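# below is the sequence, then the predicted model.
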Amino acid sequence: QLHLAESGGELVQPGASLRLSCVISGLTPGYYVTGWFRQAPGQEREAVSCIVSHDNKTYYHPSVKGRFTISRDIAKNTLYLQMNSLKPEDTALYFCTMTPQPMSPRGCGADYWGQGTLVTVSP
């Protein structure tokens, strides 16, 4: 059974950096897309970044392109999101996700979700 566990969220000031981690257990070899979604208060969830298993092709939401970097350590079964130059509008609950569905230029879906880790960017 797939299990996703995020960590790394905290309160930081604007301009700071954070790295989120997600340990994913139960993955089997094959094609899949893992990613990060976020949900800000009063807003819908949105795909922040995604990465494809077999070729490491990535997607970034336009609002984070150039500031966030998604990566994964296969040996540690861990997905990362390096977030630099954080802005107050990045404040949200960040979820680690997985889907077996193909990624598109518009982003990725999510069939499995972690519990989320809270990132707060405030002076």
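Yep, it's here.

# contacts, neighbours, all on C-alpha from now
Fine.

# in terms of helix, strand or coil, where does the residue most central in space within the chain fall?
With distances taken as CA atoms, centre = their mean, the residue of the chain nearest its centroid is residue 36 (2.0 Å). Of the three states, residue 36 takes strand according to DSSP: H, G, I helix; E, B strand; the rest coil.

# confidence score at it?
In the predicted model, residue 36 carries a pLDDT score of 98.

# what sits against residue 92?
Neighbouring residues of residue 92 by CA atoms under 8 Å, 6 or more residues apart in numbering: 38, 39, 40, 41, 118, 119, 120.

# for it, name its beta-bridge partners.
residue 119 (DSSP bridges).

# so it versus residue 32, what's the distance?
25 Å (CA to CA, to the nearest Å).

# one more: residue 43?
27 Å.

# flag whichever of the contacts of residue 92 scores worst on pLDDT.
Lowest pLDDT among the contacts of residue 92: residue 41, 91.

# so how far is residue 13 from it?
Residue 41 is 18 Å from residue 13, by CA to CA.

# so for the two, which sits in the more crowded spot?
residue 13 (14 against 9; other CA atoms under 10 Å).

# surely the more buried one meets residue 121?
Yes: with contacts counted by CA atoms under 8 Å, residue 13 reaches residue 121, the gap being 5.4 Å.

# got any residues that touch both of the two?
Going by CA under 8 Å, 6+ apart, residues that sit against residue 13 and also against residue 121 are residue 86.

# about what we covered before: more neighbours: residue 43 and residue 32, which one.
residue 32 (17 against 9).

# gap between the nearest residue to the more buried one once chain neighbours are set aside and residue 107?
Nearest residue to residue 32, sequence neighbours excluded (CA to CA, 6 or more residues apart in numbering): residue 100, at 4.4 Å. Distance from residue 100 to residue 107, counting by CA to CA: 13 Å.

# okay then, goodbye and thanks.
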